[in-house]
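Colleague: with the sequence up front, the predicted model follows.
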Amino acid sequence: TLDPIPGETLSTLLRERLRLTGTKIGCEEAECGACTVLVDGEPIMSCVYPAERADGKTIVTIEGLASTLTPSPSPVGRGGLHPLQEAFVEHGAVQCGFCIPGQILTSYALLKRNPNPTSDEIRFALKDTLCRCAGYPSIENAILAAAQSMRTGEPVQSPTHIPDSIHSHKTVGHIHLRPEAVEKVTGEAIFTDDLKFEGMLYAKAKRAMIPHGFLKKLDISRAKALPGVVAILTADDVPAEKTHGLVIYDWPVMVGVGERVRYVGDALAIVAAESQEIAEQASALIEAEFDLQPVITNPVQARQEGVPQIHEKGNLLKHIKVRKGDMEKGFAEADVILEHTFHTPTTDHAFIEPECSIGVPLPDGRMEIYVGSQIPYQDRIQVARVMGWEEERVRIVGQLMGGGFGGKEDVMGQIHVAMLANVTQRPVKLLFDRHESLLVHPKRHATQIRIKIGAKKDGRIVACESELYGDTGAYASLGEKVMTRATTHSAGPYDIEHVRADCYAMYTNNPPAGAFRGFGVTQS
Ligand code: FES
């Protein structure tokens with residue numbers, strides 16, 4: 001029995017007050033389905049469902065799913081698991097696992113009303129429960145297998161058998177279950193936002209929200225006066241190096257007064273407060289004034305003469321070249337020449353778990369940072385550089401990652417929580433909401449690619465000339481490396497005698513672009 005808190009959502013009640021962290025938060029806008037739980041047997045998105053409305057109702061979360069079986073625990077399969085959980089493990093339907101509680105509970109409701117669904121009915125039932133790891137075929141197979149088990153009382157069928165001829169191998173041809181799959185189907189798997197530390201503070205970054213300009217004035221006085229605010233830090237408080245980056249240190253930890261804002265996601269200040277709500281209110285009370293500058297929106301514009309230069313060294317991050325053979329000779333040999341210009345868009349990774357970092361100061365002066373990061377050792381280097389510490393003083397405690405796909409290679413909140421935890425000497429959590437995640441982290445490079453191909457009538461390609469423009473956004477991130485791959489792959493997987501490729505990786509005022517599945521090759 002719990003007293004209602006006005007405005008509290010069911011997901012907050014479950015996660016914060018009951019510590020049932022198997023219910024995940026991906027968007028807080030009833031779009032992704034990660035927060036799905038059952039209320040009186042119906043799947044609902046608990047991130048927008050008022051907790052008070054659940055009064056007197058039966059709620060099933062992923063933690064309690066197995067207990068819905070009679071007799072309990074499961075008479076079939078792995079002890080204590082519901083057939084759906086069992087089937088998700090067996091069929092490899094679990095990847096990062098962040099969406100899995102929502103997938104399983106949505107499937108449970110489907111099988112309750114339709115014990116023998118078709119593939120189309122499964123797909124329709126799951127249309128609002130997103131899996132960004134894109135394990136849909138395995139998820140569908142798992143649901144079909146669970147449905148059969150529940151109808152017949154037989155054990156859950158494993159995926160199609162592998163031919164006996166392959167079984168003589170020790171490893172190849174055998175199905176190996178993901179080691180942490182069981183925790184991921186029961187809700188026991190812990191992601192960074194599921195952690196809570198004694199005395200933990202909550203952080204929020206004040207973002208520039210303009211694409212290009214100079215910061216003229218920053219006033220934190222009203223925010224500082226808000227009860228519950230414990231610390232507010234600005235660029236003046238950065239202890240040592242002012243910038244971070246994966247290849248080039250060109251990304252400011254925070255933009256200071258008089259300095260250049262290069263994209264909407266630039267941080268101007270960071271707040272630590274007793275609650276998330278107070279941190280957000282304080283951030284909104286910080287006032288910033290800018291001297292706005294013309295905006296560079298695409299990489300072709302960025303290379304034109306007379307346009308504003310976003311960085312001191314100019315707008316060109318790197319000119320990447322490939323040279324092979326003699327282009328004039330190659331095109332002279334061709335019977336057919338085709339030339340086209342293509343455009344590929346910016347893409348967001350849209351991992352279902354938004355970025356979260358927790359900094360925990362240790363009594364001996366070291367700092368632990370809990371984060372689901374793709375390159376923990378790079379995080380350590382970058383945090384230590386900014387703090388002015390030996391690397392040994394920083395320990396990155398890698399957590400399960402609810403999807404990354406390249407988008408969790410760059411530092412997001414790691415440095416900010418280290419600074420706030422160091423100043424307050426309390427643990428500090430910085431969790432992005434979906435808007436902040438979309439706004440701030442590096443994307444897939446948008447490109448313009450002109451390709452001219454010469455070929456013989458027998459189909460042999462004899463010459464290929466390409467010119468690429470890559471939008472690396474405000475900061476370098478892995479732009480140089482990604483666009484190098486785009487360039488070296490721009491002639492495709494062919495043996496061509498005469499090749500020339502030129503790529504211009506350009507800074508713009510768009511969000512930075514970096515690693516993303518395929519790493520530049522996708523665009524080419
Ligand atoms: Fe579905 Fe990762 S397993 S989002």
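Modeller: Ah, there it is.
Colleague: roughly how far apart are the residue of the stretch 351-500 of the chain found nearest the ligand and residue 498?
Modeller: Closest contact between the stretch 351-500 of the chain and the ligand, by C-beta to the nearest ligand atom, is at residue 352 (4.5 Å). From N, CA and C alone the C-beta is placed, and that goes for glycine too. According to C-beta to C-beta, to the nearest Å, residue 352 and residue 498 sit 46 Å apart.
Colleague: again with residue 4
Modeller: Distance from residue 4 to residue 498, by C-beta to C-beta: 74 Å.
Colleague: out of the two, which sits in the busier spot?
Modeller: More crowded of residue 4 and residue 498, by other C-beta atoms under 10 Å: residue 498, with 23 against 12.
Colleague: my guess is the more buried one meets residue 460, correct?
Modeller: No: using C-beta atoms under 8 Å, residue 498 makes no contact with residue 460, being 11.8 Å away.
Colleague: quick one, what contacts residue 14?
Modeller: 20, 23, 37, 46, 59, 61 (C-beta atoms under 8 Å, 6 or more residues apart in numbering).
Colleague: the second one touches residue 16, doesn't it?
Modeller: No: the criterion here is C-beta under 8 Å, and residue 23 misses it with residue 16 at 10.8 Å.
Colleague: neighbour-wise, which of these two wins?
Modeller: Legend: neighbour count by other C-beta under 10 Å for residue 23 and residue 16, higher for residue 23 (27 against 15).
Colleague: give me the distance between that one and residue 82.
Modeller: For residue 23, the distance to residue 82 (C-beta to C-beta) stands at 16 Å.
Colleague: so residue 232 sits in a helix?
Modeller: No: read with DSSP: H, G, I helix; E, B strand; the rest coil, residue 232 is strand and lies in no helix.
Colleague: which residue, other than its chain neighbours, is closest to residue 216?
Modeller: residue 289 (4.5 Å; C-beta to C-beta, 6 or more residues apart in numbering).
Colleague: what of residue 463?
Modeller: residue 330 (2.9 Å).
Colleague: list the buried residues for the helix or strand encompassing that neighbour?
Modeller: Assessed by DSSP states H and E, residue 330 sits inside helix 327-333. For helix 327-333, the neighbour count (16 or more other C-beta atoms under 10 Å) marks 327, 330, 331, 333 as buried.
Colleague: list the helices and strands the helix or strand following it packs on?
Modeller: Remark: after helix 327-333, the chain's next helix or strand is strand 336-344, criterion DSSP H and E. Strand 336-344 sits against strand 446-455, with contacts defined as 3 or more C-beta pairs under 8 Å, 6 or more residues apart in numbering; DSSP states H and E.
Colleague: which outside residues touch the strand it packs on?
Modeller: 298-300, 330-331, 333-346, 461-471, 486, 490, 498, 510, 513, 523-524.
Colleague: of those residues, which are in range of the ligand?
Modeller: When C-beta under 6 Å from any ligand atom is applied, no member of the contacts of strand 446-455 is adjacent to the ligand.
Colleague: now the buried members of those residues.
Modeller: 298-299, 330-331, 333-334, 344, 461-471, 486, 490, 498, 510, 513, 523-524.
Colleague: quick one, what contacts the most centrally placed residue in the chain?
Modeller: Nearest to the geometric centre of the chain sits residue 351, at 3.9 Å (C-alpha atoms, centre = their mean). When contacts are counted by C-beta under 8 Å, 6+ apart, residue 351 touches 96, 98, 132, 401, 402, 403, 404, 405, 407, 408.
Colleague: one step back: secondary structure element for the residue of the stretch 351-500 of the chain closest to the ligand?
Modeller: Using DSSP H and E, no helix or strand contains residue 352.
Colleague: show the contacting residues for the residue lying closest to residue 504 once chain neighbours are set aside.
Modeller: Nearest residue to residue 504 in three dimensions, chain neighbours excluded: residue 469, at 5.3 Å (C-beta to C-beta, 6+ apart). Residue 469 makes contacts with 298, 299, 300, 303, 447, 448, 449, 503, 504, 506, as judged by C-beta under 8 Å, 6+ apart.
Colleague: residue 409 is in contact with residue 514, isn't it?
Modeller: Yes: with contact defined as C-beta under 8 Å, residue 409 and residue 514 form a contacting pair (6.4 Å).
Colleague: what about stretch 84-97 and the ligand, touching?
Modeller: Yes: using C-beta under 6 Å from any ligand atom, stretch 84-97 comes into contact with the ligand via 95, 96, 97.
Colleague: that stretch - what's its average pLDDT?
Modeller: The average pLDDT within stretch 84-97 is 95.
Colleague: stretch 182-195 now?
Modeller: 97.
Colleague: any residue of it touching the ligand?
Modeller: No: interface with the ligand: stretch 182-195 contributes nothing (C-beta under 6 Å from any ligand atom), its closest point being 8.0 Å away.
Colleague: and stretch 211-223, what's buried?
Modeller: 211, 212, 213, 215, 218, 220, 223.
Colleague: show me how far that stretch is from its chain's centre.
Modeller: With C-alpha atoms, centre = their mean, to the nearest Å as the basis, stretch 211-223 stands 28 Å off its chain's centre.
Colleague: ok, residues contacting that stretch?
Modeller: Looking at what lies outside stretch 211-223 - C-beta under 8 Å, 6+ apart - the contacts are 208, 229, 232, 234, 255-264, 268-269, 271, 282-283, 285-296, 308, 310, 509-510.
Colleague: write out the residues of the stretch 251-400 of the chain neighbouring the ligand.
Modeller: residue 352.
Colleague: just the helices in the stretch 251-400 of the chain please.
Modeller: Under the criterion DSSP state H, counting those that start in this stretch, helices of the stretch 251-400 of the chain are mapped to 276-285, 299-302, 327-333, 376-387.
Colleague: as TSV, those with distance to residue 31 and mean pLDDT would be great.
Modeller: Compiled in TSV, those are given as follows (distance: least, C-beta to C-beta, whole Å; pLDDT from 0 to 100):
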stretch	distance to residue 31	mean pLDDT
helix 276-285	20	98
helix 299-302	31	98
helix 327-333	49	98
helix 376-387	29	98
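Colleague: now distance to residue 50 too, for those, in TSV please.
Modeller: Converted to TSV, the helices of the stretch 251-400 of the chain look like this (distance: least, C-beta to C-beta, whole Å):
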stretch	distance to residue 50
helix 276-285	17
helix 299-302	46
helix 327-333	66
helix 376-387	38
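Colleague: can you map out the helices along the stretch 101-250 of the chain?
Modeller: Using DSSP H, counting those that start in this stretch, helices in the stretch 101-250 of the chain cover 119-125, 136-152, 181-186, 221-224.
Colleague: what's the pLDDT at residue 70?
Modeller: 61.
Colleague: meant to ask about residue 74, not that
Modeller: 47.
Colleague: so who does the residue nearest to residue 280 when sequence neighbours are not counted touch?
Modeller: Among residues not flanking residue 280 along the chain, residue 204 sits closest, at 5.3 Å (C-beta to C-beta, 6+ apart). Each residue near residue 204 by C-beta under 8 Å, 6+ apart is listed here: 270, 271, 273, 276, 279, 280, 282, 283, 430.
Colleague: which of the contacts of stretch 211-223 are buried?
Modeller: Applying 16+ other C-beta under 10 Å to the contacts of stretch 211-223 flags 208, 229, 232, 234, 255-256, 260-264, 268-269, 271, 282-283, 285-286, 288, 290, 293, 295-296, 310, 509-510 as buried.
Colleague: stretch 51-65: which residues count as buried?
Modeller: 51, 54, 59, 60, 61, 62, 63, 64, 65.
Colleague: any chance of JSON lines for the residues you listed, columns pLDDT and distance to the ligand?
Modeller: Formatted as JSON lines, these follow (pLDDT from 0 to 100; distance: C-beta to the nearest ligand atom, whole Å):
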{"residue": "51", "pLDDT": "97", "distance to the ligand": "26"}
{"residue": "54", "pLDDT": "95", "distance to the ligand": "26"}
{"residue": "59", "pLDDT": "96", "distance to the ligand": "23"}
{"residue": "60", "pLDDT": "96", "distance to the ligand": "20"}
{"residue": "61", "pLDDT": "97", "distance to the ligand": "18"}
{"residue": "62", "pLDDT": "97", "distance to the ligand": "14"}
{"residue": "63", "pLDDT": "95", "distance to the ligand": "18"}
{"residue": "64", "pLDDT": "94", "distance to the ligand": "21"}
{"residue": "65", "pLDDT": "92", "distance to the ligand": "17"}
